[in-house]
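Visitor: take this sequence and fold it.
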Amino acid sequence: MTSLKDIRLFTTQPHRCSYLPDQEARTLFIDPDFQVGKGHNTRLSEIGFRRSGGHVYRPNCQHCQQCLSCRVLVQQFQPNRRFERVLKRNADVHVEPVESIADDEYFLLYRHYITVRHGDGDMYPPSREQYQGFLLRQCEGTRYFTLRAGGRLLGVLVCDQLETGLSAVYTFYDPLQEKRSLGTFGILWQIAETQRLGLSYLYLGYWIRDSRKMRYKIQYRPLEVLVHQRWVLFSDTLPDLPAER
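Guide: Numbering: from 1, shown residues only. The predicted structure follows:
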């Protein structure tokens, strides 16, 4: 098993929480100079870390434990009627792997997506420097997939292949194609790809009970969440979590 004992860890100063208003956050991250292999990424994902560009991090807040890593148990997943309708609406979409998303075609779609969907967030205004640092930085196992219909670029999926599953790093798409529900389609496709690879999990990052932006993740069940370093099956009766002492 890959060891994590030689990785140095750092903690940020308190800063404004991106998801919960009036909350302060702190972040624990690994040494940015450490070369993250597939084994490291797998072990780190299993204990609640997530990759964003060149940073691998997890929340480390003193008085809040709401950010819970979550992962879909893909081999047990069955699409419900809503998901089947999304798949049917996107039956004409072709998903293809690509080596790089550095071209203008991809950046312009990213810029359009951030401007329309996240104009009030930390990622606005989008820039090429931000795009390069966030999505062109890779680790071992990083994969890019394009979504196209009739030759037109509709979206891009960025994920990391782990030893036990896939980690959904980021998805961006044409925000004007609302009827297609491309964000949902992207997750369903990654679940199917994880199944095809014979792996167990699709990691979806953090679920936060009081964040409306994160509620969509609990639709993909069965879902496990990491509670005090133990993976438990998500249910609607999951209790509120006190700060860990």
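Visitor: and Trp207, its phi and psi?
Guide: phi -100, psi 130 (degrees, to the nearest 10).
Visitor: pairing partners for the helix or strand of the chain with the lowest mean pLDDT, with directions?
Guide: The helix or strand of the chain with the poorest confidence is strand 15-16; it has a mean of 90 (mean pLDDT, DSSP states H and E). Strand pairing for strand 15-16, determined by DSSP bridges: strand 24-25 (antiparallel).
Visitor: mean confidence (pLDDT) on the partner strand, please.
Guide: Per-region confidence: strand 24-25 scores 92 on mean pLDDT.
Visitor: tell me the helix or strand right after it.
Guide: Downstream of strand 24-25, the next assigned helix or strand under DSSP states H and E is strand 27-30.
Visitor: mind giving me the packing neighbours of that next one?
Guide: Counting contacts by 3 or more Cβ pairs under 8 Å, 6 or more residues apart in numbering; DSSP states H and E, strand 27-30 is packed against strand 9-11, strand 55-59. C-beta coordinates here come from the backbone N, C-alpha and C atoms, glycine included.
Visitor: just want the angle from the next helix or strand after it to strand 55-59.
Guide: Remark: after strand 27-30, the chain's next helix or strand is helix 38-46, criterion DSSP H and E. Per axes from the mean of the first three to the mean of the last three Cα atoms, to 10 degrees, the angle that helix 38-46 makes with strand 55-59 is 20 degrees.
Visitor: kindly format the C-alpha coordinates of helix 38-46 as PDB.
Guide: What follows is helix 38-46, C-alpha atoms only, in PDB (Å, rounded to 0.1, in the frame of the first residue of the first chain):
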ATOM      1  CA  LYS A  38      -2.200   7.400  -8.500                       C
ATOM      2  CA  GLY A  39      -1.600   5.500  -5.200                       C
ATOM      3  CA  HIS A  40      -1.100   8.700  -3.200                       C
ATOM      4  CA  ASN A  41      -4.300  10.200  -4.800                       C
ATOM      5  CA  THR A  42      -6.200   7.100  -3.900                       C
ATOM      6  CA  ARG A  43      -5.100   7.000  -0.300                       C
ATOM      7  CA  LEU A  44      -5.600  10.800   0.100                       C
ATOM      8  CA  SER A  45      -9.100  10.500  -1.400                       C
ATOM      9  CA  GLU A  46      -9.900   7.700   1.100                       C
END
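Visitor: quick one: mean pLDDT for whichever helix or strand comes after it?
Guide: Where DSSP H and E defines the elements, the next helix or strand beyond helix 38-46 is strand 50-52. On average, the pLDDT along strand 50-52 is 97.
Visitor: good, we can wrap up now.
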